[in-house]
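Novice: model the structure of this input:
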Amino acid sequence: MKREVFQKLSLDDLKKYDDAEKGVVVYDENGNIIYANKQALIIFGYASIEDLSNGWKLIPPEYKMIVQNRIERALSGEPSPSLTLRVFTGDRRDEIIKSKTFPIILNGKRAIMAVFAREVEDRFKRNAIRETLKIIKKSVEPFLEDRTIDIKEIMRCIYESIKGIFSHLDLVFVKKNMEVLFATAEKVPCVKNPPILKCMKEKKEIYISSSEIDGKVYTIFASPIFVGGEIFGAIGFRKEGYGAFAPEDVEMFRVVSELVSLILKLSKKIEDIEKEKEDLFTKVMIDDLTGSYTRNYLNEFAEKIVSYFKRRGESVSVVMMDIDNLKLVNDSYGHLEGDKLLNDFSRIVMENIRETDLLIRLGGDEFLLILPGCDLENAEKVMRKIVENVERENTRRDPKIHFSYGIALVDSDLRKAIEIADDKMYTMKRIHHSVL
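Specialist: The predicted model follows:
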């Protein structure tokens, strides 16, 4: 037989089968297993190749002659047709698989590659997908309603959905720094090197069919959670008993892990969008020099805010303010000093108003102050306080801050009240100019 019929592979070449949907196993001429991918180990009910050292222990006596014939044909370079057979699994299940064998050369030696799937896999997958879809629906619906993501609440919903499928199941979700975000077990198991930590370190699934913890035997499956290409943490599923998870259980756990990863990615995306919106709001609505609101804010929100207080029967006053000597300061001292004057003025105003009051820079040297819940008498008190603090500031700065203002009560039309306040301000401004 010509050796060209054998596909030449190395152990590195086999890595491409690690996450294949079907089971892939490579045997040497003596039936020793050289390689087994994740799906093969789960179907056979073993945690590692070391546990599954020889393939013959999987084969019931009635199939051994048939399998031996297939091995001999494969070693001679002949691919075999599909074979459906029953196998023994490490977790004491009888599993029906459909297998096909291929001749290969692995690191210069003849070997056999077997590719197989569970004969009833489609039915189990449908069940797993159906249950997982229920979990997704139940877990994500609260988020869709109020657009807030509480990962602990989502994990609780997931657990409530999953535990109905099992008589008992422990679920833990930890971040990469081992901060526990969610756990159903009352205490952390006493193990020196927990599988979930290994899962995060190696950034791959961990399946253990038999692990002794505090004198009890558990089956454990852990899956890494990635966000933005980086390891975020891991989810661990644990059930008491040897080989307690069937392949369809693991399939469901995988989908749940993907769901959690997707939710976290979505959460991060929402946070990024909210941050962008906040940055855009700040850029458009907040004056970067003085920290006061901009004219855009006046156009977008001010009238709505005033209408709200008016509907509540509260008075609203407006104050138009103008810095009388800004142009003179800019011409005599430079624009940097003019900017400092604007900044000091707005700071003094904001230090002497309430959180509900709005300071808006209309442009240049003009400011508008909106005082909700404030009648004319109280608005006058606010302005006297601002004037006193400006005068106090002037004792320690040069050039001085000189400004004019006018007050008006909003009747029903905010724009009309602003015009009235503006007229009053210019009356004061003319007096100040005659003095200056």
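
Novice: hey, let's count contacts and neighbours off CA atoms from now on
Specialist: Will do.

Novice: buried residues in stretch 340-358?
Specialist: Along stretch 340-358, these residues count as buried under the neighbour rule (16 or more other C-alpha atoms under 10 Å): 341-343, 345-346, 348-350, 353, 357-358.

Novice: tell me which helix or strand comes right after the longest helix seen in the chain.
Specialist: Taking DSSP state H as the criterion, the chain has its longest helix at helix 247-285. Scanning forward in sequence from helix 247-285 by DSSP states H and E, the next helix or strand is helix 295-297.

Novice: and the next helix or strand after that following helix, which residues are buried?
Specialist: Following helix 295-297 in sequence order, the next helix or strand is helix 303-311 (DSSP H and E). For helix 303-311, burial by neighbour count (16+ other C-alpha under 10 Å) applies to 305-307, 310.

Novice: roughly how far out does the very next helix or strand once past helix 303-311 sit from the chain middle?
Specialist: Using DSSP H and E, the helix or strand that directly follows helix 303-311 along the chain is strand 316-323. Distance of strand 316-323 from the chain centroid (C-alpha atoms, centre = their mean, to the nearest Å) equals 45 Å.

Novice: which other helices and strands does the longest helix of the chain contact?
Specialist: For helix 247-285, the contact count by 3 or more C-alpha pairs under 8 Å, 6 or more residues apart in numbering; DSSP states H and E identifies helix 38-44, helix 121-146, strand 216-227, helix 295-297 as packing neighbours.

Novice: what's the spacing between Gly373 and Ile235?
Specialist: 53 Å (C-alpha to C-alpha, to the nearest Å).

Novice: who has more neighbours out of those two?
Specialist: Ile235 (27 against 18; other C-alpha atoms under 10 Å).

Novice: re earlier: farthest pair in the buried residues of stretch 340-358?
Specialist: Largest separation among these by C-alpha to C-alpha: Leu341 and Asp357, giving 21.6 Å.

Novice: which of the buried residues of stretch 340-358 fall in strands?
Specialist: Within the buried residues of stretch 340-358, residues falling in strands by DSSP state E are Leu358.

Novice: save the buried residues of stretch 340-358 as JSON lines, and put in distance to Ala20 too.
Specialist: JSON lines is the format used below for the buried residues of stretch 340-358 (distance: C-alpha to C-alpha, whole Å):
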{"residue": "Leu341", "distance to Ala20": "69"}
{"residue": "Leu342", "distance to Ala20": "67"}
{"residue": "Asn343", "distance to Ala20": "64"}
{"residue": "Phe345", "distance to Ala20": "68"}
{"residue": "Ser346", "distance to Ala20": "65"}
{"residue": "Ile348", "distance to Ala20": "68"}
{"residue": "Val349", "distance to Ala20": "67"}
{"residue": "Met350", "distance to Ala20": "64"}
{"residue": "Ile353", "distance to Ala20": "66"}
{"residue": "Asp357", "distance to Ala20": "63"}
{"residue": "Leu358", "distance to Ala20": "62"}
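
Novice: can you say which helix or strand has Met178 in it?
Specialist: Using DSSP H and E, no helix or strand contains Met178.

Novice: burial count for it?
Specialist: Count around Met178 with other C-alpha under 10 Å applied: 13.

Novice: next, give phi and psi for Asp398.
Specialist: When read as degrees, to the nearest 10, the backbone of Asp398 gives phi -150, psi 120.

Novice: give me the distance between it and Val387.
Specialist: Distance of Asp398 to Val387, computed by C-alpha to C-alpha: 17 Å.

Novice: between those two, who's got more neighbours?
Specialist: In this view Asp398 and Val387 are compared by other C-alpha under 10 Å, and Val387 has more residues nearby, 17 against 11.

Novice: just confirm that one is within a strand.
Specialist: No. Val387 is assigned helix when assessed by DSSP: H, G, I helix; E, B strand; the rest coil, not a strand.
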